[in-house]
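**Student:** build me a model from this:
(one chain, ligands or ions: 3)
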Amino acid sequence: MKNVKLSMPNLKEARLRRKLDIETIRYRMDDKYKDLGKGKSYYIYTYGCQGNEADSEVMAGILEQAGYTFSEDPLLADVVLLNTCAVRENAEQRIWGVLGQLKGRKRENPDLIVGICGCMPQEEAATAKIIESYDVDLIFGTHNRNHLPMLLEQAYMSKCKVVEVLSTEGNILEDAPKVRQSKHKAWVTIMYGCDEFCTYCIVPYTRGRERSRQKDDIIKEVKELVEEGYKEITLLGQNVNAYGKDLNIDYTFGDLLYDLDKTGISRIRYTTSHPRDLDLKTMEAMRDCKSVMPHLHLPVQSGDNDILKIMNRKYTHEEYMAKVNKLRELVPGISLTTDIIVGFPNETEEQFIHTLDLVKEVGFEGAFTFIYSKREGTPAARMIDNVSEEEKHLRLNRLIELTNQGYLEGHKRFVGSIVKVLVDGESKNGDGMMCGYSEHNKLTHFKSDNKDLVGQIVSVKITEAKTWFQIGELCEE
Ligand code: SAH
Ligand code: SF4
Ligand code: F3S
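**Tutor:** Ligands and ions are numbered 1, 2, ... in the order given. Okay, the predicted model is just below:
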């Protein structure tokens with residue numbers, strides 16, 4: 001039977017940044033879908049960044065509105081969605097593995113619908129391979145999750161692969177239902193897409209143009225979260241510091257922080273920041289707004305100016321340090337974390353040393369470290385590389401040794417102090433401990449069996465520092 005190809009991915013199209021008006025879709029499900037999932041259940045696997053986690057909450061909301069119920073056990077679900085990531089090759093390898101495991105399942109449940117969505121289907125080669133080699137019913141991308149009920153209906157009716165991947169600038173989805181994973185911490189997407197085009201990165205191709213939600217929609221969402229009892233929000237975007245640029249109004253990310261601080265939410269975090277776009281107003285908002293937490297994830301990628309240039313990062317080692325110093329002046333004690341890529345094509349030992357130097361200079365208290373991964377369709381994929389895989393692994397290990405010290409130092413500096421912790425729940429090792437994150441975003445464990453503390457902000461006196469967490473004692477209020 002022929003597959004239903006509503007639209008196929010195209011990386012060249014995805015690169016275009018046409019001056020089109022971005023469409024805002026106010027989601028409202030057609031009544032004809034309200035019993036689509038009656039008596040059926042769903043499960044969503046989520047990989048990749050927080051953007052995908054937020055998207056999965058929307059897809060869960062849409063599925064529940066269409067009558068599906070959540071299945072705790074993915075093996076028993078009637079609809080299984082894989083919300084995928086394409087940022088590095090190993091992220092994709094995991095998906096091929098899961099798809100392989102799902103292969104036999106269709107024989108047990110002929111009505112099972114397996115769908116693959118998110119960033120991987122946005123790549124031509126990945127979608128071709130899925131169509132060719134895997135027993136998947138539904139393939140859709142990042143711009144059309146709002147079509148989910150229609151796509152499911154098509155999959156039920158046609159009994160063959162339904163593909164809809166749009167390589168457009170994208171849209172803005174408002175009013176979609178959401179099933180949030182936490183009752184006290186919430187993701188709030190403030191902008192979609194990315195226009196930075198760092199030369200190694202696939203994200204601008206999979207997520208479309210930078211497009212900001214209207215500030216009033218964001219403020220309304222946060223006010224509702226406050227009313228529902230949420231304590232913490234994390235504002236999401238690939239480059240939140242570019243918020244508002246596309247709206248052509250005199251309103252930037254810093255303004256948004258000041259406005260959200262007035263909503264009464266206890267804690268505001270945000271990710272991810274681009275060092276070039278991090279401006280003074282944002283730093284001042286971090287100083288002035290009590291709710292904006294003293295932690296910033298500021299990906300540097302490399303400490304070498306030539307590599308930064310070839311990466312198209314648009315700042316230098318020195319400019320990065322100047323922003324860090326300004327931040328430290330305005331927000332004393334702020335904790336800084338970062339992302340670093342080692343083994344970018346032709347990176348020399350000397351250039352790598354410049355990265356180690358920067359890590360020492362800043363004193364990062366955490367870092368996600370990656371070996372460069374070639375992404376088809378990006379400019380860096382065309383570069384000839386003379387660094388061996390073995391050398392890249394050695395560099396990664398040297399870097400990790402240094403960044404692990406930073407994690408430990410970041411905990412050590414709180415020993416003896418009292419920190420405020422938003423309690424998430426029981427510690428995983430189940431030894432009568434509970435855990436949560438401090439204002440500086442440090443995972444903190446403390447002894448207590450009081451489940452009522454979940455979702456509360458408590459004071460904890462830190463007694464011990466470990467590499468990955470800190471331990472303390474609950475203070476009597
Ligand atoms: N928008 C964010 C995060 C994007 S992806 C930012 O700009 O920081 C998260 C991280 O993945 C990036 O910060 C980068 O360190 C890493 N990354 C992206 N593309 C990569 C690639 N091709 N190989 C290795 N790491 C990559
Ligand atoms: Fe990728 Fe750069 Fe955009 Fe981040 S800012 S998503 S690294 S292109
Ligand atoms: Fe991955 Fe897509 Fe996020 S590639 S990192 S899931 S934007």
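
**Student:** any idea how far ligand 1 is from the nearest residue to Thr234 once chain neighbours are set aside?
**Tutor:** Closest residue in space to Thr234, ignoring its immediate chain neighbours: Arg269 at 4.4 Å, by Cβ to Cβ, 6 or more residues apart in numbering. For every residue, glycine as well, the C-beta is placed using N, CA and C. Look at Arg269 and ligand 1: by Cβ to the nearest ligand atom, to the nearest Å, they are 15 Å apart.

**Student:** tell me which element Arg269 is part of?
**Tutor:** Taking DSSP states H and E as the definition, one finds Arg269 inside strand 267-271.

**Student:** which residues sit against that strand?
**Tutor:** For strand 267-271, the external contacting residues (Cβ atoms under 8 Å, 6 or more residues apart in numbering) are 50, 190, 231-237, 240, 253, 257, 260-261, 289, 291-293, 295, 297, 422, 439, 441, 457.

**Student:** kindly report the same for stretch 371-384.
**Tutor:** 11, 86-90, 123-125, 197, 199-202, 205, 310-312, 341-347, 392-393, 396.

**Student:** among those residues, which lie within strands?
**Tutor:** Among these, the members found in strands (DSSP state E) are 341-342.

**Student:** out of the contacts of stretch 371-384, which touch ligand 3?
**Tutor:** 86-87, 202 (Cβ under 6 Å from any ligand atom).

**Student:** how is the protein partitioned into domains?
**Tutor:** Using automatic domain parsing, the domain parsing of the chain gives 3-164, 172-412, 418-474.

**Student:** could I get those as JSON lines with distance to ligand 2?
**Tutor:** Rendered in JSON lines, the data for the domains of the chain read as follows (distance: least, Cβ to the nearest ligand atom, whole Å):
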{"stretch": "domain 3-164", "distance to ligand 2": "8"}
{"stretch": "domain 172-412", "distance to ligand 2": "3"}
{"stretch": "domain 418-474", "distance to ligand 2": "20"}
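
**Student:** and the next helix or strand past the helix or strand of the chain with the lowest mean pLDDT?
**Tutor:** Least confident helix or strand of the chain, by mean pLDDT, DSSP states H and E, is helix 105-108 with a mean of 81. Sequence order places strand 113-118 as the next helix or strand after helix 105-108, per DSSP H and E.

**Student:** output the contacting helices and strands for that following strand.
**Tutor:** helix 50-65, strand 79-84, helix 89-102, strand 138-140, helix 148-158 (3 or more Cβ pairs under 8 Å, 6 or more residues apart in numbering; DSSP states H and E).

**Student:** same thing but at 7 Å, please
**Tutor:** Contacts defined by 3 or more Cβ pairs under 7 Å, 6 or more residues apart in numbering; DSSP states H and E place strand 113-118 against strand 79-84, strand 138-140.

**Student:** secondary structure element for Ile218?
**Tutor:** Using DSSP H and E, Ile218 falls in helix 215-227.

**Student:** what residues does that helix touch?
**Tutor:** Outside helix 215-227, the residues that touch it by Cβ atoms under 7 Å, 6 or more residues apart in numbering are 174, 186, 188, 190, 233, 251, 256, 259-260, 263-265.

**Student:** kindly report the same for stretch 433-447.
**Tutor:** With Cβ under 7 Å, 6+ apart as the criterion, stretch 433-447 contacts 293-295, 335, 410-411, 414, 419-427, 432, 448, 453, 460, 468-474.

**Student:** start and end of it, how far apart?
**Tutor:** 4 Å (Cα to Cα, to the nearest Å).

**Student:** can you pull the buried residues of that stretch?
**Tutor:** 433-446 (16 or more other Cβ atoms under 10 Å).

**Student:** reformat those residues into TSV and put distance to Asp35, pLDDT and secondary structure next to each item.
**Tutor:** Shown next, in TSV, are the buried residues of stretch 433-447 (distance: Cβ to Cβ, whole Å; pLDDT from 0 to 100; DSSP: H, G, I helix; E, B strand; the rest coil):
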residue	distance to Asp35	pLDDT	secondary structure
Met433	45	96	strand
Met434	42	97	strand
Cys435	41	98	strand
Gly436	40	98	strand
Tyr437	41	98	strand
Ser438	46	98	strand
Glu439	46	98	coil
His440	48	98	coil
Asn441	44	98	coil
Lys442	47	98	coil
Leu443	43	98	strand
Thr444	46	98	strand
His445	46	97	strand
Phe446	47	97	strand
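
**Student:** I'd like the residues you listed as a markdown table, with distance to ligand 1 appended.
**Tutor:** Formatted as a markdown table, the buried residues of stretch 433-447 follow (distance: Cβ to the nearest ligand atom, whole Å):
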| residue | distance to ligand 1 |
| --- | --- |
| Met433 | 31 |
| Met434 | 30 |
| Cys435 | 25 |
| Gly436 | 25 |
| Tyr437 | 20 |
| Ser438 | 23 |
| Glu439 | 22 |
| His440 | 20 |
| Asn441 | 16 |
| Lys442 | 21 |
| Leu443 | 20 |
| Thr444 | 25 |
| His445 | 28 |
| Phe446 | 31 |
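
**Student:** that older thread, closest to ligand 1 among the contacts of helix 215-227?
**Tutor:** Among the contacts of helix 215-227, Ile190 lies closest to ligand 1 (Cβ to the nearest ligand atom), at 13.3 Å.

**Student:** can you confirm Ile353 is in a strand?
**Tutor:** No: Ile353 sits outside any strand when classified using DSSP: H, G, I helix; E, B strand; the rest coil, being helix.

**Student:** pull the number of nearby residues for it.
**Tutor:** Residues lying near Ile353 (other Cβ atoms under 10 Å) number 14.

**Student:** mind listing what it touches?
**Tutor:** No contacts exist for Ile353 under Cβ under 7 Å, 6+ apart.

**Student:** packing partners of the longest helix that the chain contains?
**Tutor:** Taking DSSP state H as the criterion, the chain has its longest helix at helix 389-412. The contact analysis (3+ Cβ pairs under 7 Å, 6+ apart) places helix 389-412 against strand 335-342, helix 349-362, strand 367-371, strand 457-465.

**Student:** contacts for whichever helix or strand comes after it?
**Tutor:** From helix 389-412 onward toward the C-terminus, using DSSP H and E, the following helix or strand is strand 418-426. Strand 418-426 has contacts (Cβ under 7 Å, 6+ apart) with 184, 231-232, 267, 434-439, 444, 453-462, 475.

**Student:** show the average pLDDT along the helix or strand just after the strand holding Arg269.
**Tutor:** Once the chain leaves strand 267-271, the next helix or strand it forms, by DSSP H and E, is helix 280-288. Here helix 280-288 scores 98 as its mean pLDDT.
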